[in-house]
Each structure stands twice: as C-alpha cells, then as structure tokens.
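A.B. asks: Provide a 3D model corresponding to the input given below.
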Amino acid sequence: MKKTLISKGILALAASCALTSTALAGGLERGGYNIDLLFDEGRFAAESAVTFVAPQRELNNVTDKAEGGSLTGLPTTAEGSESYWVPRIGAKAAIGDAADCMFDYSEPWGAHKNPGRNWAGANEDIETKVESRNYAVTCSYRFDAGPGQLRLIGGTFYQEVYGFQERLVQAFPAGVPLTGVGRLDLEGDGWGWRAGVAYEIPEYAFRASLVYNSEVKLNDITGTLDLTQVNSAIPGAFGVNGSQNMPDVVELKVQSGIAPGWLAFGSVKWTDWSQFQKIPFYCNVAVSGVCNTSTAVTSLDLGYRDGWTVSGGVGHKFNEQWSGAVSVTWDRGTSQDFGTQTDTWTLGVGAAYAPTKNVEFRVAGALALLTGGSSNTVVIDGQTYGQRANYTFDDDLAAGISTSLKVRF
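C.D. replies: Next up, the predicted model:
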C-alpha cells in the first residue's frame, strides 16, 4: 500500500473525532492534551479548532442532607450541567530534516455547574466553575529504525487553573440560624512536562505513539472566601490558600492503513483523577470566630477515581478533496457513588475537505450517552462525601461539535 492512498484528511479526522470525545470525558477534562499537529508532514503548519459541547444532565429526587438546615419545600429537580466551548490553536515547524517543534494553546481542564439557589441541594452547590489555560512547547527528533522511523518526543507546558464556587452556608450558633451564600474564588499555576516515543511507517500510514504528560503541581493556590452574606459581622472576604496537583496522563494511540483509502485508529488513555478527593483550603491569617490557619475552613469535595478512556474508529478517503471518519469512545466515570461522573459512551462522526494540498477544513460531531446513577452519602478512604445533598439522575444525552482549519506550507 502506498502512502498516497491514505488521505491526510483521514489522519486529521481521527484527531478531530478524538477532540470532540475528549470534551465529553469525565473528571475535569475539557480539551485534554493533544500533540497530533507535531506529526504533520508539512515543513510549517498552523491549526485552530473550537469545540462546543451541550450536555443535558438533570438531577432528580433531591434531598437536603445538610446538618441543622432544611431546604424541604424547594424544587427537587435541577439542571446539573452547562454548555461550554473548548478552543485550541497551534503551530508547528520542521527544523532540518529530522526535528519538529510545535507551540500550542489549549484549555485542558474545566467544569461548570449552575443549578442555582432555588433547589433542595443549594447547600451543596449553587454554581461551580473551573477554567484553565495551557501554553506548551513540544519537540521531536526522528531517525530510521527498521522499516520505519522512531521518533523521540519531549516538551514542557505552563498551566493556569482558576475558578469559583458558590453554595448556601448555614450556621446555627447558640440556636440562632444564619443563612446566606458563601463564595470561594481560587487561582493557581504551575509547570509540567511531557515525554514520549512514536514509531511510524509512512508507506502504510502506520503510527503508534505513547506519551506521558506529567502532573502540574499547584503548590500555591490562593483566593478569597466571602461569607459576608452569611454573617454581617464578618467585615469582608478573607484570604485562603491550598494546594492540589493537576493529573498526570498517559495515552497510547495507534493508527494504520488497512486497505486502499481506509484507515483504522484507536487509543487508550489513563488519567490520574484519583488524587482529586477533598481539597482543603485554609485561612491565610486567623479570622476571629471563623477560622484559624491550621484547620480547613472549607473544601472542594470531588471523591474521584482514575479515569480510563478507550476509543476506536475507521476513516475513508472518498476522493482527492473529501474524507470521512466514525469513532466510538467509552469513558469510565470518575465518580464513586458521589457526584454525576458516570460512564459515557460517545459516537463521533467527521468530514474533512481539502480544496488544495495546503488547506484543510474539518468538522466533527458527537452524540454521547451519559449513564444514570445516584449521588449518595458515602465514605471514601475515611472521608465522608455527599453529606449536604443526595439525588438521582437518569440516562442523559450530550452533543458536541468541533470545527477546525489547518494551513500547511
């Protein structure tokens, strides 16, 4: 099989389908990490992409479990998800005949829930939003090895993570109820690195890659906790701090031509979400009647387990301009009987149009089944979760669409 029988559009579509499915994965995953542009055959290439995801997750049978408070009588259903956008942009350049380097901007992590104040689980969440920015440089060096080429990959990235949470806070000092909305604002940043290896046989459009992305140590997460709506005696928001590592990720990708104009592709990815349990935050300085510097004043409760994502698909070249691909992805839910991160099954389809050899347009869509379950009061590794609200949720659907433009010369 000759290399010319495999359309470059098919190779790119495999990445587009994967990008859309990644945005529907569990944990705090949004765009994830993607270095496929590094393998582009052009000496120079630039690519931009954006993915829109619209999940539909409805919470039912909500019961308030907060100690001392009762929200009985408020609605027992709520929307448990918000739509979001995931942008990505990158540029790659060949250096000599054997080296390549790329720079990319992405937003790998994120989350947004906005059930509002008027539901029976407001003690657990009114609104939570997490966002990220990732700036990366990745390079590779390749050399002949057997019938193909071996490529060594390395790089570094700088990451910023920020967000907030609002929830109802109820306190009962001396039997006098105090109720109000508390807001936690946080931000942190850190550095990570990646290393990997790939083996390519261009004649058969074969490539196998294994890449490790390190954790990012957010050793100095800082922010503010505002409880002024809970207790008017508190003069204003006060500083808090904490720490948390963003997860390390290992991903194996394989693709190969299987017939003239046909390509099969697949991947397996592990993400270390299990380190996201209770994330405590402490006062920077002691605040009388509220907190000291040695005891956590609040925490973000996640209770995750490791994430696994398995994907496979096939692509076909219809003619010199058009290619298509279809993929199926399974993502293991990261929740452990607390939260809504259950297993997800995703069907992705895509098309690529190349009006010239230097320009390529792609669009990919995905429809996902979010399996049902429940969020209960549970103990994970000695820590209690779900003590503020319990609820159930049925099987739900999510949809996503990704568009991209690549220019090479």
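
A.B. asks: low-confidence ranges in this structure?
C.D. replies: Along the chain, segments meeting pLDDT under 70 span 1-23, 67-69, 171-178.

A.B. asks: Show me the residue at the heart of it, geometrically.
C.D. replies: Of all residues in the chain, the one closest to the mean position by C-alpha atoms, centre = their mean is Glu29, 1.2 Å from it.

A.B. asks: didn't that one look like it was pressed against Gly307?
C.D. replies: Yes. Counting by C-beta atoms under 8 Å, Gly307 is a contact partner of Glu29 at 7.2 Å. (C-beta placed from N, C-alpha, C; glycine too.)

A.B. asks: what do the two both touch?
C.D. replies: Common contacts of Glu29 and Gly307, defined by C-beta atoms under 8 Å, 6 or more residues apart in numbering, comprise Thr271.

A.B. asks: ok, and for stretch 329-338, which residues are buried?
C.D. replies: Thr329, Asp331, Arg332, Gly333, Thr334, Ser335, Gln336, Phe338 (16 or more other C-beta atoms under 10 Å).

A.B. asks: What is the neighbour count of the residue lying closest to Gly324 once chain neighbours are set aside?
C.D. replies: Spatial nearest neighbour of Gly324, excluding adjacent residues (C-beta to C-beta, 6 or more residues apart in numbering): Ala351 at 5.1 Å. Other residues near Ala351 come to 17 when the count uses other C-beta atoms under 10 Å.

A.B. asks: The strand or helix carrying Ala351 pairs with which strands?
C.D. replies: For Ala351, the host element (DSSP states H and E) is strand 344-356. Taking DSSP bridges as the criterion, strand 344-356 pairs within the sheet with strand 322-331 (antiparallel), strand 359-370 (antiparallel).

A.B. asks: With distance to Ser232 as new columns, can those be given to me in a markdown table?
C.D. replies: Listed next are the strands paired with strand 344-356 as a markdown table, based on distance: least, C-beta to C-beta, whole Å:
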| stretch | distance to Ser232 |
| --- | --- |
| strand 322-331 | 45 |
| strand 359-370 | 41 |
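
A.B. asks: out of these, which comes closest to Thr298?
C.D. replies: Comparison of the strands paired with strand 344-356 against Thr298 by C-beta to C-beta identifies strand 359-370 as nearest, at 28.5 Å.

A.B. asks: Report all helices and strands that whichever helix or strand comes after the closest one contacts.
C.D. replies: Using DSSP H and E, the helix or strand that directly follows strand 359-370 along the chain is strand 373-375. Contact partners of strand 373-375 among helices and strands, from 3 or more C-beta pairs under 8 Å, 6 or more residues apart in numbering; DSSP states H and E: strand 389-393.

A.B. asks: could you check the angle strand 359-370 makes with the strand it packs on?
C.D. replies: In terms of direction (axes from the mean of the first three to the mean of the last three C-alpha atoms, to 10 degrees), strand 389-393 departs from strand 359-370 by 110 degrees.
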